[in-house]
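In: sequence below, structure please.
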Amino acid sequence: MPVQDRHTQLLAAMSLSPPTTTTTADDDHGGGKIEAEVQDEAWVWAEIKAEARRDAESEPALASYLYSTILSHSSLARSLAFHLGNKLCSSTLLSTLLYDLFLNTVSADPLLRTATVADLRAARYRDPACISFSHCLLNYKGFLAIQAHRVAHKLWLQNRKPIALALHSRIADVFAVDIHPAARMGKGILLDHATGVVIGETAVVGNNVSILHHVTLGGTGKMGGDRHPKIGDGVLIGAGATILGNVKIGEGAKVGAGSVVLIDVPPRTTAVGNPARLVGGKEQPNLHEDVPGESMDHTSFISQWSDYII
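Out: Below you'll find the predicted structure:
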């Protein structure tokens, strides 16, 4: 049988109809929320498989790759574990070992799976270059780095620090993203382009945060202990920004590209410059109403530049 016909037959055997999803309100025990999250994961996984099948049919050269990475798997967790295992393996860190490690960790924690779905949605809906969920799953190294970090963080919390640090090293080598396994990351995170992102050991990143390439959340080098930034929900951090020390970036704040932030930034305000200062000044900073981590609006502060106070 010709290769193309064989793959067409295999792909046709996969059922790709997305499930009907309904929103269930939280009950007193959180059962409704869990049900909604399970349905959301099922819907996204069905979309990924449908996209992969369309791509395989339009690009037969990718059929084997798409079948082995997505279409042959029964769940998003299995597909992701397989893909990460192949991405991060080495001659001495085998893909089969990594597959088991990723799958066992993710399967045992529904919060990890919820975060994965939120991260997929973040990339798909905030980045105009992201053409599909499957494109993000297969090709977005920022997304893949975060998923691998989530597993490393879980292992770190279980006091399995050697394997967590080994994963940390491989993530940095393969994806050029350096996130210490102790760092805490929320859900709905977008690492846009991702190259050169560095996030230190005691950093905390909230939910629905967007971070561009070459961003550093680092320490000042003056102390140990809790020494890295705390990033609130909905924050946008522009390309090349550096935030140093145990400073707080408030909910919905914005850090301009290339800024060096050494001070706390209040919620829903913008910090720009080197060293960074608040647009409008410390006494009366200009507030904005949007959630920049979701809107991805990098330039709204420019019209306020005349009010910039040192």
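
In: for the chain, which element, helix or strand, carries the lowest mean pLDDT?
Out: Across the helices and strands of the chain, mean pLDDT, DSSP states H and E gives its lowest value to helix 3-12, namely a mean of 44.

In: distance of A176 from S58?
Out: For A176, the distance to S58 equals 30 Å [C-beta to C-beta, to the nearest Å]. Bear in mind the C-beta positions are built from the backbone N, C-alpha and C, glycine included.

In: and the two? Which one has more around it.
Out: A176 (18 against 9; other C-beta atoms under 10 Å).

In: roughly how far apart are the nearest residue in space to that one that is not next to it in sequence and D226?
Out: Spatial nearest neighbour of A176, chain neighbours left out: T195 (4.8 Å); criterion: C-beta to C-beta, 6 or more residues apart in numbering. Here the criterion is C-beta to C-beta. By it, T195 lies 28 Å from D226.

In: repeat for L165
Out: Relative to D226, and taking C-beta to C-beta, L165 is found at 20 Å.

In: the two: who's more crowded?
Out: L165 (16 against 12).

In: what sits against the residue lying closest to the more buried one once chain neighbours are set aside?
Out: Closest residue in space to L165, ignoring its immediate chain neighbours: P181 at 6.5 Å, by C-beta to C-beta, 6+ apart. Applying C-beta atoms under 8 Å, 6 or more residues apart in numbering, we find P181 in contact with H149, A152, H153, L155, W156, K161, A164, L165, L167, H168.

In: so what's the residue count around P285?
Out: 22.

In: I figured it hits D264, correct?
Out: No. Between P285 and D264 there is no contact under C-beta atoms under 8 Å: 11.4 Å.

In: all helices for the stretch 1-150 of the chain, in order.
Out: 3-12, 31-58, 63-66, 76-88, 95-107, 110-126, 133-139, 141-157 (DSSP state H, counting those that start in this stretch).

In: how about the longest one: buried residues?
Out: Applying a neighbour-count criterion of 16 or more other C-beta atoms under 10 Å, the buried positions in helix 31-58 are 36-42, 44-53, 55-57.

In: just how off-centre is that helix within its chain?
Out: 18 Å (C-alpha atoms, centre = their mean, to the nearest Å).

In: the shortest one too?
Out: For helix 63-66, the gap between its own C-alpha mean and the chain's C-alpha mean amounts to 25 Å (C-alpha atoms, centre = their mean).

In: which strands or helices does that helix pack on?
Out: Judged by 3 or more C-beta pairs under 8 Å, 6 or more residues apart in numbering; DSSP states H and E, helix 63-66 is in contact with helix 3-12, helix 31-58.
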